[in-house]
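> Attaching a predicted model along with its sequence, questions to come.
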Amino acid sequence: MTTIIVSLIVGCIVGPLARLILPGRQNISAGMTVLLGAIGSLVGSWIGAQFLGTSGAQFSFWGLILGTVFAIVAVLIYGSITGRGDRAVTR
């Protein structure tokens, strides 16, 4: 249970961090950014626990890196599904 809570808290940081890392503009709301960050952080924590032996109850550098990577993937997938990627508007 602690792993989930820590992952959700870290996700609030990882989501905006993922948007800063991505080039271009993403037309995604702040709430969706935090939600995608939380999802990415949960997936990253789970993979870290399964394959690297990290635990969410304590700070883990690899958990932060994996959470950021999966949050970037989540933002990219969300942008491609909703069509809210970094496209220029042409008239």
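That came in fine, so what should we check first? The structure displayed is predicted, hence computed values, not measured ones. Numbering: from 1, shown residues only.

> Which parts of the longest helix belonging to the chain count as buried, going by neighbours?
As assigned by DSSP state H, the longest helix anywhere in the chain is helix 61-82. For helix 61-82, burial by neighbour count (16 or more other CB atoms under 10 Å) applies to 63-64, 66-76, 78-79. Heads up, the C-betas are built off the backbone N, CA and C, glycines and all.

> got it, and stretch 16-26?
Across stretch 16-26, burial judged by 16+ other CB under 10 Å covers 17, 18, 19, 22, 26.

> Need the contact partners of that stretch.
For stretch 16-26, contacts defined as CB atoms under 8 Å, 6 or more residues apart in numbering pick out 28, 30, 33-34, 36-37, 40, 68, 71-72, 74-76, 79, 84-86.

> Could you rerun that using 6 Å?
Contacts of stretch 16-26 from elsewhere in the structure, counted by CB atoms under 6 Å, 6 or more residues apart in numbering, are 33, 68, 71, 72, 75, 79, 86.

> Give the closest residue to the second one in space, chain neighbours not counted.
Right, the one you point to is residue 68. residue 14 (5.2 Å; CB to CB, 6 or more residues apart in numbering).

> what residues are up against the one you found?
37, 41, 67, 68, 71.

> Distance of the first one relative to residue 47?
When CB to CB, to the nearest Å is applied, the distance between residue 37 and residue 47 equals 16 Å.

> Same question for the last one.
Between residue 71 and residue 47 the distance is 13 Å, computed by CB to CB.

> got the residue ranges for the helices in the chain?
Going by DSSP H, the chain shows helices at 2-21, 30-47, 61-82.

> what residue is smack in the middle of this structure?
residue 71 (2.0 Å; CA atoms, centre = their mean).
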